[in-house]
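In: got a predicted model here, sequence first, then my questions.
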Amino acid sequence: MDNHGVRWGIIAGVLVAIYTVALYLVDPNYLFYVTLSLVGSIIYIFCMRKAGLETRSDMGGYMTWGEAMKPTFITYAVGTLIGTIFMYVLFMVDESLPSLQYDSALASQQWIMESMGAPPDAIDQAREQMEAQMSPEQFEPSLLNSIKYYLGGLAIGGFILSAIISAIIRKKKPDDLILDQS
């Protein structure tokens, strides 16, 4: 049986890296837009689903939730590893990205507060607090931060996404179904 999780994970990682390059070439600030990052999530979801469905097909068209978790989670793990390595290298190559990410974090906080109707002085106060608590240096690439980001994403986002997709694509064998005989 082909390892669909690894294959689709590589595909997901490469597609996300290509998408990241496209965003970077258009405008490096786009790398930090939450709405644009949703496209990367869609790529992962598509590839995780494909890995799960191909595995189910190899298993005769049926699989449990637990059996579906393996290819979907492996897809996410491999794809995210490729994406994390790619972003680490990109941040090492373009030294302006940490300060762009810092500015984007400040702008995002301001946008959220404005959209919630916060008064200007409260927004200014929150910005001052945020500037006092963080700096562009905190966004500098480090191997330790990349590993923490990767493992945190796997533990939370990867597991939840895999669990949801696995619940959707699982399919019980007819003899496993409990039929009401009354």
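Out: On my side now, so go ahead.

In: pretty sure residue 45 sits against residue 165.
Out: Yes - contact criterion Cβ atoms under 8 Å: residue 45 and residue 165 qualify, at 6.8 Å. C-beta coordinates here come from the backbone N, C-alpha and C atoms, glycine included.

In: between those two, which has more neighbouring residues?
Out: Set residue 45 next to residue 165 and count neighbours by other Cβ atoms under 10 Å: residue 165 wins out with 24 against 17.

In: contacting residues for residue 3?
Out: 71, 74 (Cβ atoms under 8 Å, 6 or more residues apart in numbering).

In: any idea how far residue 14 is from it?
Out: Relative to residue 14, residue 3 is positioned 16 Å away (Cβ to Cβ, to the nearest Å).

In: what's near enough to touch the nearest residue to residue 113 once chain neighbours are set aside?
Out: The shortest distance from residue 113 to any non-neighbouring residue, by Cβ to Cβ, 6 or more residues apart in numbering, is to residue 123 (4.8 Å). By Cβ under 8 Å, 6+ apart, the contact set of residue 123 is 110, 113, 114.

In: now those residues: which count as buried?
Out: Among these, those classed as buried by 16 or more other Cβ atoms under 10 Å are 110, 113.

In: residue 160: which of the contacts of residue 123 is nearest?
Out: Among the contacts of residue 123, residue 113 lies closest to residue 160 (Cβ to Cβ), at 27.4 Å.

In: what residues sit buried inside the helix or strand harbouring residue 38?
Out: Assigned by DSSP states H and E, residue 38 falls within helix 34-58. Within helix 34-58, the residues that count as buried by 16+ other Cβ under 10 Å are 40, 43-45, 47-56.

In: closest to residue 85 out of those residues?
Out: Among the buried residues of helix 34-58, and counting by Cβ to Cβ, the member closest to residue 85 is residue 40, at 14.7 Å.

In: could you point out the longest helix in the chain?
Out: helix 65-93 (DSSP state H).

In: what helices or strands is that one leaning on?
Out: helix 4-26, helix 34-58, helix 97-115, helix 143-153, helix 159-169 (3 or more Cβ pairs under 8 Å, 6 or more residues apart in numbering; DSSP states H and E).

In: thank you, goodbye.
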